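1. sequence and predicted structure are below.
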Amino acid sequence: MQDYYHAFRLVMAGTRDPANIISFKLSKGEMVVFDNRRVLHGRTAFDPSTGHRLLVGFYVDRGECDSRIRTLTRDWPAARAG
């Protein structure tokens, strides 16, 4: 277990390294989409007195997404070009 906890602390330290962090503020009407299996994500602190914050989560089945991409690529010649 000592090896596990040591490795865990190293990984967690890496998540706080500014070289590994991308931060951005979304504008009204924008959203962010990412592969939850490949991205460790989080949010910074928020002061509710500065405005309204709406967080909505949804999930898409990976197979459904892959199938849609294949269908669109097959049916849309411009998608194959590039």
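-> Arrived safely, thanks for sending.

2. element containing Phe8, please.
-> If you go by DSSP states H and E, Phe8 is part of helix 2-15.

3. correction: Arg74
-> Per DSSP H and E: Arg74 is located in helix 62-75.

4. and Phe46, by the same measure?
-> Assigned by DSSP H and E, Phe46 falls within no helix or strand.

5. which residue packs closest to the residue positioned nearest the centre of the chain, ignoring adjacent ones?
-> By Cα atoms, centre = their mean, the chain has its centre lying nearest to Phe34, at 3.4 Å. Sequence neighbours aside, His41 is the residue nearest to Phe34 in space, at 6.7 Å (criterion: Cβ to Cβ, 6 or more residues apart in numbering). Every residue, glycine included, has its C-beta placed from N, CA and C.

6. tell me the pLDDT of that neighbour.
-> His41 is assigned 75 on the pLDDT scale.

7. ditto for the one 4 residues further on
-> Ala45 is assigned a pLDDT of 79 by the prediction.

8. and it, how close does it get to Arg53?
-> 11 Å (Cβ to Cβ, to the nearest Å).

9. neighbour-wise, which of these two wins?
-> The neighbour comparison of Ala45 against Arg53 (other Cβ atoms under 10 Å) goes to Arg53, with 9 against 4.

10. next, the more buried one: phi, psi?
-> Taking degrees, to the nearest 10, you get phi -120, psi 130 for the backbone angles of Arg53.
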